[in-house]
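Engineer: please find the sequence and the predicted model below.
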Amino acid sequence: MMRRSRSEALFAEALQHIPGGVNSPVRAFRAVGGQPFFVERAQGSKLWDADGNELIDYVCTWGPAILGHAFPGIVEAVREAATRGTSFGVPNPLEVTMAQRIKLAVPSVEKVRLCNSGTEACMSAIRLARGFTRRDKIIKFDGCYHGHADSLLVRAGSGALTFGHPDSAGVPAAFTQHTIVVPFNDTAAVQAAFAANPGQVAGVIVEPVPGNAGLYLPRPGFLEFLSKLTAEHGTLLIFDEVMTGFRLALGGAQARFGIRPDLSCFGKVIGGGLPVGAFGGRAEIMDCLAPLGPVYQAGTLSGNPLAMAAGIAALTALESGEAYRVLEERGRQLEEGLGAAARRASIPVRFNRCGSMFCAYFTGAPVHNLADAMKSDRERFARYFHGMLEEGIYLAPSAFEAGFISVAHAAVDIERTVAAAERVLKRIG
Ligand code: KE4
């Protein structure tokens with residue numbers, strides 16, 4: 001049994017000061033029950049909580065820790081940068097280096113603006129698409145989560161979905177009247193949305209591999225279809241690669257699937273664990289941004305030297321490409337192991353994976369969109385989650401989140417995880 005007394009005391013204290021005791025809803029374990037543990041330190045593939053429990057971490061702070069926690073190159077880069085000041089509010093050389101590295105990795109990005117979160121990146125990309133096209137409508141896909149900007153918090157995924165009411169309180173209908181939501185992988189629904197709004201759609205924003213309702217993949221040809229249809233309608237294709245960027249390949253999902261979106265959003269990995277976001281794309285679009293153009297966007301800490309130093313250190317470690325070979329190998333090992341464990345336990349589990357992102361749906365049917373995902377057995381997932389936690393394996397605390405593997409996950413970590421899964425699946429039946 002996990003020792004929990006210090007985390008329980010910390011959570012009781014946190015509840016006095018912080019809504020729900022957490023600074024981001026999905027951390028509260030509301031989707032799986034129980035209370036969150038508090039992490040004291042992390043190293044490589046492991047977390048140690050306030051009670052000293054060691055856990056193999058498959059959340060990796062929701063993606064950023066692709067190299068493992070406390071990666072030496074990142075720690076040293078942040079330590080060194082901090083000695084020269086933590087923020088200037090004046091351009092610094094590291095911002096230029098980061099912009100160059102993003103452009104080098106992602107050819108569709110001709111210019112890029114750095115900000116402080118994925119939410120900011122997506123919110124700004126939407127505003128830019130509207131400013132550039134002088135249109136108002138945005139098409140998004142149900143279950144896809146693009147941060148918590150008002151106009152995008154509609155039938156969103158991640159924490160918004162977890163609570164079973166994807167739309168958020170506090171968002172006036174007027175703020176979402178221009179947001180059209182269609183099912184992912186549904187070409188007819190996308191065509192119908194365009195037909196019903198001729199000449200009005202500024203942008204289509206999509207997670208190319210949705211990771212905020214569990215994980216499901218684009219059907220063959222779906223992303224190409226979006227690219228072609230948006231071009232025909234003078235609509236911008238916006239890839240939200242906050243999660244997939246620099247994760248599924250150095251060039252993100254767009255490199256993996258050979259698509260050239262008009263705009264892309266980034267976050268997570270490019271900050272090396274520090275607060276960061278970025279959005280970029282065709283220069284003629286990006287140059288509509290202030291101070292050059294009429295679309296305003298700003299941020300006190302945008303491009304700050306610590307996040308830049310951490311992100312550049314992360315990209316430097318990823319650029320050789322070896323990391324992605326390791327991630328693919330570990331992902332395959334986990335997929336094969338968990339699949340075999342589920343079969344031996346005679347439990348219907350659909351294991352979806354793309355590179356080092358994965359999820360396990362408790363269902364026997366394939367999962368290609370949110371409606372399929374919602375049919376999975378969440379109660380059984382919750383029992384699986386807690387069983388694995390007791391075995392020292394920390395999975396994402398929701399059936400509607402993706403899991404992440406880092407380069408620091410050794411083959412033995414995967415073997416331990418598969419062995420634990422076999423015991424837990426047999427126990428929960
Ligand atoms: P942030 O504002 O949380 O940095 O990024 C928002 C965002 C945008 N786009 C995609 C595809 C994302 O996955 C996210 C954030 N991901 C969630 C995990 N499902 C963050 C975890 C949380 O909300 O605490």
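Structural biologist: Noted; the coordinates are in hand.

Engineer: how about the residues of this protein by the ligand?
Structural biologist: 24, 26, 62, 117-119, 122, 145-147, 158-159, 207, 211-212, 240, 242-243, 267, 401 (CB under 6 Å from any ligand atom). To be clear about C-beta, it is placed using only N, CA and C from the backbone, and glycine gets the same treatment.

Engineer: could you pull out the helices for the stretch 301-429 of the chain?
Structural biologist: 305-318, 322-344, 370-374, 378-390, 411-428 (DSSP state H, counting those that start in this stretch).

Engineer: which parts of the third one are buried?
Structural biologist: The one in question is helix 370-374. Of the residues in helix 370-374, Leu370, Asp372, Ala373, Met374 count as buried by neighbour count, 16 or more other CB atoms under 10 Å.

Engineer: the third one and Ser398 touch, don't they?
Structural biologist: No. Here Ala373 lies out of contact with Ser398, judged by CB atoms under 8 Å, at a distance of 11.1 Å.

Engineer: confidence score at Ala421?
Structural biologist: Looking at Ala421, its pLDDT is 97.

Engineer: okay, now it: neighbour count?
Structural biologist: Residues near Ala421, counting by other CB atoms under 10 Å, number 26.

Engineer: Asp377 too?
Structural biologist: Counted with other CB under 10 Å, Asp377 comes out at 16.

Engineer: closest point of the stretch 251-400 of the chain to the ligand, which residue?
Structural biologist: Gly267 (4.7 Å; CB to the nearest ligand atom).

Engineer: excluding chain neighbours, what is closest to that residue?
Structural biologist: Gly118 (3.5 Å; CB to CB, 6 or more residues apart in numbering).

Engineer: in this structure, which residue sits closest to the ligand?
Structural biologist: For the chain, CB to the nearest ligand atom, closest residue to the ligand: Gly118, 2.4 Å.

Engineer: okay, and for the stretch 51-200 of the chain, where does confidence drop off?
Structural biologist: 161-166 (pLDDT under 70).

Engineer: correct me if wrong: the residue of the stretch 251-400 of the chain closest to the ligand contacts Val276.
Structural biologist: Yes. Using CB under 8 Å, Gly267 is in contact with Val276, at 6.1 Å.

Engineer: what touches both of the two?
Structural biologist: Counting by CB atoms under 8 Å, 6 or more residues apart in numbering, the common neighbours of Gly267 and Val276 are Ser117.

Engineer: just want the phi and psi numbers for Asp49.
Structural biologist: phi -90, psi 180 (degrees, to the nearest 10).

Engineer: where do the helices sit along the stretch 1-150 of the chain?
Structural biologist: Using DSSP H, counting those that start in this stretch, helices in the stretch 1-150 of the chain cover 5-17, 72-82, 93-105, 118-133.

Engineer: now distance to Asp57 and pLDDT too, for the buried residues of helix 370-374, in JSON lines please.
Structural biologist: Putting the buried residues of helix 370-374 into JSON lines (distance: CB to CB, whole Å; pLDDT from 0 to 100) gives the following:
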{"residue": "Leu370", "distance to Asp57": "26", "pLDDT": "96"}
{"residue": "Asp372", "distance to Asp57": "28", "pLDDT": "97"}
{"residue": "Ala373", "distance to Asp57": "23", "pLDDT": "97"}
{"residue": "Met374", "distance to Asp57": "27", "pLDDT": "96"}
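
Engineer: quick one: which of those residues is nearest Ala411?
Structural biologist: Ala373 (29.6 Å; CB to CB).

Engineer: relative to Leu153, how far out is that closest one?
Structural biologist: Per CB to CB, to the nearest Å, Ala373 is found 19 Å from Leu153.

Engineer: count the residues that sit near Phe257.
Structural biologist: When neighbours are counted by other CB under 10 Å, Phe257 comes out with 21.

Engineer: that one contacts Pro208, correct?
Structural biologist: Yes. With contact defined as CB under 8 Å, Phe257 reaches Pro208; the gap is 6.4 Å.

Engineer: joint contacts of those two?
Structural biologist: Applying CB under 8 Å, 6+ apart, one finds that Phe257 and Pro208 are jointly contacted by Pro218, Leu223.
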